[in-house]
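# Sequence first, predicted model second:
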Amino acid sequence: MHQTEYINSNDIKWFHACQVEDVPHNGGVCVKKGNDQIALFYFARTDKWYATQNLCPHRHQMALSRGMTGSVGEQQEPKVACPFHKKTFSLDSGKCLSGEDYHIKVYPVKVEGGKVFIGENAINENAQIDKDCLQCAS
Amino acid sequence: MKRIIVVGNGMVGYKFCEKMAAKAPKGTYHITVLGEEHRPAYDRVHLTSYINGTSAEQLTMAPVSWYEEQGIDLHLGDAGVSIDRENKILFTQSGLELPYDILVMATGSAAMVPPIHGVDKTGVFVYRTIDDLDKIMDYAKNVKKAAVLGGGLLGLEAAKAMVDIGVEKTYVIEFAPKLMPRQLDDAGGAVLRSKLTALGLRVHTRKHTYQVLGKDRITGIQFVDESELSLDMLVISTGINARDELAKAAGLATGSRGGIIVDDQMLTEDPSIYAIGECAVHGGMVYGLVAPGYDMAEVAMTHIIAHHLEGENKQRTFTGFDMSTKLKLIGVDVASFGDPFLTADKAQHVIYEDKVNGIYKRLNVSLDGKYLLGGVMVGEASQYNNLLQYYKNSMLLPEALDSLVFPEQKGDKPAGAGLAALPDGALICSCEGVTKADICQAVKDGHESVDALKKCTKAGTGCGGCVPMLKDLAAMTLKTMGKEVRKDICEHFTYSRQQLYDLIRLDKLSSFEEVLDKHGKGDGCEVCKPVVSSLLASTLNEMILRKNNDTAQDSNDRFLANIQKGGTYSVVPRIAGGEITPDKLLVIASVAKKYNLYTKITGGQRIDMFGAHLSDLPFIWKELIDAGFESGHAYGKSLRTVKSCVGSTWCRFGLHDSVSFAIQIENRYKGLRAPHKLKSAVSGCIRECAEAQSKDFGIIATEKGWNLYVCGNGGSKPQHALLLAQDLDSETCIRYIDRFLMYYIKTADPLTRTATWLNKLEGGIDYLRKVVVEDSLGKCLEWEVEMQTILSQYECEWKAAIEDPNIRKRFAHFVNAPEQKDPTIEFVPMRDQKRVLEWQ
C-alpha cells in the first residue's frame, strides 16, 4: 500500500538497494547504506516490498533480514520474526507484535525497471529504539 | 446507597471486594477499605517466593488502580482504632470518622510471639509480611546460623526462606515431639524430619525455648532444659493470633483463645458487623488457611446482598471447612486431609512406607472398608487430588487400594480417568470454591483452554494445585461433546501436523507455497513455515533450500548453520559415532585456525566451531567437504548424533562393537528430518557409558544381541528411555527403529520430542510395543518402505549448497556488498581463543 503512495512522491530521496532478482521470494536480505543496515523483504504472493531497520531492538542483533516473514490477523498484516528469540514486528507500522514495547523503523520501497529503491528516511521516523528496555528473552 | 467499610486489606478482605464488585448490584453500595500496611493486598500464601525474586508487584492481588476502577476508596497505612456502634461510626488512626451501614472486619491475624524472655533483642524477627521479609533478608546477609522457632506449616516455610537466602546453618526448633504436629502423625513427622535433615536443615523437637541470649543483639537461645544454641538470628513462626482488638474494644464477643465470634452467616452479635478470615472464630475454630477465608467472604457477601442491598435473595452458610492441605516444603511433598489421626478403633489403616526413598503414606479407611476418612502423605503426594475427592465426596473406594497408595504410573491409564466418576458437586478448586459442574459448564460455554477457564471461573488462580485437573476436565468435557481438541498448527492452517502430513503425501506437494495455496491461507508465519518445511523434508527428503523453500525454513535451516550471539554461525561436521582420524582432526584444526573460529567439543561427541561469518560458511564447508566431511545437521530438527562407547574393540567389558553399530545407525538416519531433533547412542555393555537410556532411541549390547530403548530425554525434563524390545540382532533392531521413527514422524505434534510424544500416547509403551514389534496397525511394511525411500534421497546439504551458485550467493550479509562482512560483529579474547562481545 505505502509503496504506491510514495512512488510518485517527489519529497522522498531514494537510493538504489539492489536488483529485484537479488531478493528471495517471501524472505529478506540485508542492504548496506553507508554505516546503516536495512532489511528488505519481498512478499511474492502479494507482490509487495517492505523495508525496516536490520537491528532487532530486543537484543540489538543485526538479524531481522534473516528472519521468517509472514502475516497475522484478518487484515493479513505483514510481519517478520527475529531469528534469535522470535520477536515479531509489523512491516507496516514497525510495532512489536509479541506484546512488548519495541518499535522498528520502516522505510518506503519502490521498484522501477527491475531495480529496488529504498527511501532515505523512515516513514515512522519518531520510532525510537528503547535502549533501556532489556527484559530477558523468553 | 449503603456504606460498607472493610477493615483490613489482606487476601480475604480483597477477595470480599472482588466478589462484591462482580456480584452485587451496581449503585446500591459504596465500599471504603482500610489497610494497615502501605501496600495493597498481596498473596501471603506465596510469600516465600519473594525471597527468590518474585516482586511485591507480582504478589499483589490487584493494583491500586483496580480499586479506583471499582469505585472503592482505599486508605492504605491506616487502621481502625474504635467503633461507635450506636451511631455506626468507625474512627481511624489517621483521625478519619467514617460513618457506615455495614462494617466488615477482615483484620486477619498477627504472628503469635510466645512468652520468651528477650524477644525484643536485635536479630529476632517474625515472619508474616513483606516488610518482615525485607528486614529478614537485609539482616540475614551477614548471618551464618539462624533458627526458626516453630516446626509447623509456617515455620517450615520460614526455614525454606532461610535456606533460599543462603544462611549456612538453619535450625528448626519445635516444642512438640514432631514436625507439623497439627497435620502429621508420628511416623509421617519422622519421615519428614529425616528428609529435611538430609537436605541440610537441623531439626530439634521437644525443645521449650526459655530465653533469647545476648546483650542487645541475639547471640543464641537457651531452652528450659538449660541447654543452649548459639545463633546469629531467630525467626519466630509459632502460629497466629486473631486481630480482634478493635472488635473487643467495641464490646463484641470474642473467643476464649481470641477471634471475633461469628454465626453461619459471618455476622457478629451486632447485625451491622461481619467478620471474615483469620480474625473470625466460627464454631470455636480460627481458620488459618486462605480457602476457608475466601468461603467466608462469599458467605458474607451473599448475606449482605440478600439482606441489605435488595439483590437476589440467596442463602449461603459457612459450615466449617476442610483443612486438607498439600504443599511442597523445601522440595518435599507433604499432604494431609480429612482426619489424619483416627485411631484403630475408628478406622482401618492402610500404611505404605519406603524408607529408602523417604516416602510415607497412611490412609484412614472406614471400618467397613467403603470410605476414605483421612490420611497423610510425605515424600510423594501425586495421588492427593484423587484421594481428596474420594474423601470429600464420600465416594465408594475401589476394592484394591494399592492403586490409591502407589504413585501414579505413566502410561497406566488415559489422562483424566477417575474424573468422570466424580459427582458434579465435587469441589475441584477449593481456594475459589469451584465445582466440577462449574468447570464443565464453562468448557461447554466455550472456555476450552486452561487460561480461559482460569479467567472465567477463577479456578486455579489461588494455590494452582488444581490446574492439572482443569486441563483433564477440559479435555474430558470436549471429548464427551464429541468435539475434538483442536490442534491447529496456526491461523494459516486449520489442520494438525498429522493431518497436514497426510495431505502433503496425498497431493504429492513439494514446496511451502504449494502447500499454502492448496491447504492454507495468508502468507504463513514463523510457526507454520518450519512445520511444513519439516513435513516436506520428512516426506520427500529433497534438499531443503531448493524450489524457493529456503525462506520457508527456520533461520538455522535456511543458512545450514546455527545462529549464535552477535549473528555469527557455528559449524558442526558429522563425526559419526564420535570416531575421527588424526588426519581429519588436522583438517578441523586448520580450518578453525584459518577462519579464526572458537572450537569446543560438544555433548554429542563432535567438534563445534563457533564465530563463523555468514559469508565464510561456504568457504569453510568447501574445505571440510573436500577433506571428506559432511553436514552434521546440528541446525536441523533431524538426527544429530549417535553417541557410542568404545565397545568390544578396545574395552575389556564390551560385549559387541558399539562403535561400528553407532556409525552404521548414524549414517543410516543422517539427514532424516523429524518433528524435533533426534539423538541416539549405542553402549557396548550394561555399564552404559554412552548413556543410551537418555536418548530418543538408545541401544545397549546384551549377551544375546541388542536391547532397544526408546523415548528417553535429557534436557530440561530428563526421562529415562523405556525398553521396547530385547536381545535383537542388528537387522531386527534397525527394522524396529525404522518403524518407531516413522510412527513418531507421522503422528507427533510440532516440536514434540519422543519422550513427550510417548507421554501423551494413549496406552504408553505397551501400545507402542504392539505397534512397532507386533505390527498391530498392519503398517510396518509400508513404513519400512517409506523410510527406505526417504533415506535413499540423502545428499549432503552443504555439498549441494556450495555447488549451486544460486544457493551459494545467499550466504552474504549484504546483498549490495557481498564481499563485506557485518561490521557490527565484535570479538574479545578469552582463554587463548575468542568469544563474541556480550549482548547488551
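Received it, and whenever you're ready, just let me know what you need. If you're wondering where the values come from, they're calculated on a predicted model, not measured in any experiment.

# gap between residue B:830 and residue B:598?
8 Å (C-beta to C-beta, to the nearest Å). Heads up, the C-betas are built off the backbone N, CA and C, glycines and all.

# out of those two, which sits in the more crowded spot?
Set residue B:830 next to residue B:598 and count neighbours by other C-beta atoms under 10 Å in any protein chain shown: residue B:598 wins out with 20 against 10.

# Could you pull up phi and psi at the more buried one?
In terms of degrees, to the nearest 10, the main-chain angles of residue B:598 are phi -80, psi 130.

# check contacts around it.
B:592, B:609-611, B:833-835 (C-beta atoms under 8 Å, 6 or more residues apart in numbering or on different chains).

# Using CSV, lay out those together with pLDDT and neighbour count.
Converted to CSV, the contacts of residue B:598 look like this (pLDDT from 0 to 100; neighbours: other C-beta atoms under 10 Å in any protein chain shown):
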residue, pLDDT, neighbour count
B:592, 96, 20
B:609, 96, 22
B:610, 95, 22
B:611, 94, 24
B:833, 91, 15
B:834, 88, 15
B:835, 89, 15
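
# Point out the ones among those residues that are inside helices.
Per DSSP state H, helices hold the following members of the contacts of residue B:598: residue B:592.

# Out of the contacts of residue B:598, which is nearest to chain A?
Using C-beta to the nearest C-beta, residue B:611 is the member of the contacts of residue B:598 that lies nearest chain A, at 14.6 Å.

# Can you verify my assumption that the closest one contacts residue B:827?
Yes - Residue B:611 is within contact range of residue B:827, at 6.6 Å (criterion: C-beta atoms under 8 Å).

# Next to chain A in this structure, residues from the stretch 501-650 of chain B, please.
B:513, B:522-526, B:528-530, B:548, B:550-552, B:554-556, B:558-559, B:563, B:565-567 (C-beta under 8 Å from any C-beta of the partner chain).

# Whichever of those end up buried, select them in PyMOL.
Selection of buried members from those for PyMOL, criterion 16 or more other C-beta atoms under 10 Å in any protein chain shown:
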select buried, chain B and resi 513+522+523+524+525+526+528+529+530+550+551+552+554+555+556+558+559+563+565+566+567
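
# Among the residues of the stretch 501-650 of chain B next to chain A, which lie within strands?
Residues of these located in strands (DSSP state E): residue B:563.

# among the residues of the stretch 501-650 of chain B next to chain A, which are in helices?
B:513, B:528-530, B:555-556, B:558.

# Which pLDDT value belongs to the closest residue in space to residue B:605 that isn't next to it in sequence?
Distances taken as C-beta to C-beta, 6 or more residues apart in numbering or on different chains place residue B:578 nearest to residue B:605, at 2.9 Å, with adjacent residues excluded. pLDDT, residue B:578: 94.

# ditto for the one 4 residues further on
Note for residue B:582: predicted pLDDT of 96.

# Name the nearest residue to residue A:49, ignoring sequence neighbours.
Nearest non-adjacent residue to residue A:49, counting by C-beta to C-beta, 6+ apart: residue A:109, 3.9 Å away.

# Which pLDDT value belongs to the one you found?
Per-residue pLDDT puts residue A:109 at 93.

# what residues go with each domain of chain B?
Split into domains by automatic domain parsing, chain B comes to B:2-110+B:242-308, B:124-238, B:411-485.

# Figure out which of the ones you listed is closest to chain A.
When the domains of chain B are compared (using C-beta to the nearest C-beta), the closest one is domain B:2-110+B:242-308, at 11.9 Å.

# So the residue nearest to residue A:49 sits against residue A:51, correct?
Yes - with contact defined as C-beta under 8 Å, residue A:109 reaches residue A:51; the gap is 4.9 Å.

# more neighbours, these two?
residue A:51 (27 against 23).

# Please identify which helix or strand holds the more buried one.
strand A:48-53 (DSSP states H and E).

# could you point out which element follows that strand?
strand A:55-56.

# where are the low-confidence patches of chain A?
A:1-10, A:125-138 (pLDDT under 70).

# Residue nearest the middle of it, spatially speaking?
Central residue of chain A (C-alpha atoms, centre = their mean): residue A:52, 2.5 Å from the mean position.

# coming back round to it: what is in contact with residue B:611 and residue B:827 at once?
Residues within reach of residue B:611 and of residue B:827 at once, by C-beta under 8 Å, 6+ apart, are B:834-836.

# Looks like the residue nearest to the centre of chain A contacts residue A:105 (just checking).
Yes - using C-beta under 8 Å, residue A:52 is in contact with residue A:105, at 6.2 Å.

# mind checking how far residue B:19 is from residue B:67?
14 Å.

# These two: which is more packed in?
Set residue B:19 next to residue B:67 and count neighbours by other C-beta under 10 Å: residue B:67 wins out with 22 against 18.

# so that one touches residue B:17, yeah?
Yes - Residue B:67 is within contact range of residue B:17, at 7.4 Å (criterion: C-beta under 8 Å).

# Need the overlap of contacts for the two.
Contacts common to residue B:67 and residue B:17, judged by C-beta under 8 Å, 6+ apart, are residue B:33.

# mind checking the end-to-end distance for stretch B:279-291?
14 Å (C-alpha to C-alpha, to the nearest Å).

# And the nearest residue to residue B:753 once chain neighbours are set aside, what's its pLDDT?
The shortest distance from residue B:753 to any residue other than its chain neighbours is 4.8 Å, reached at residue B:676 (C-beta to C-beta, 6+ apart). On the pLDDT scale, residue B:676 is placed at 93.

# Tell me which residues touch residue B:676, please.
For residue B:676, the contacting residues are B:637, B:748, B:751-754, by C-beta under 8 Å, 6+ apart.

# Take stretch A:23-38, keep the C-alpha atoms, and write them as CSV.
The C-alpha trace of stretch A:23-38 is given here as CSV (Å, rounded to 0.1, in the frame of the first residue of the first chain):
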residue,chain,number,x,y,z
VAL,A,23,15.8,-10.8,-3.1
PRO,A,24,14.4,-14.2,-2.4
HIS,A,25,10.7,-14.7,-2.6
ASN,A,26,8.9,-14.4,0.8
GLY,A,27,12.1,-13.6,2.6
GLY,A,28,14.6,-10.8,3.2
VAL,A,29,18.1,-9.6,2.5
CYS,A,30,20.3,-7.0,4.3
VAL,A,31,21.1,-3.8,2.4
LYS,A,32,24.1,-1.7,3.3
LYS,A,33,23.5,2.0,3.3
GLY,A,34,26.7,3.8,4.5
ASN,A,35,27.1,2.6,8.0
ASP,A,36,23.4,1.6,8.2
GLN,A,37,21.9,-1.8,7.7
ILE,A,38,18.4,-2.1,6.3
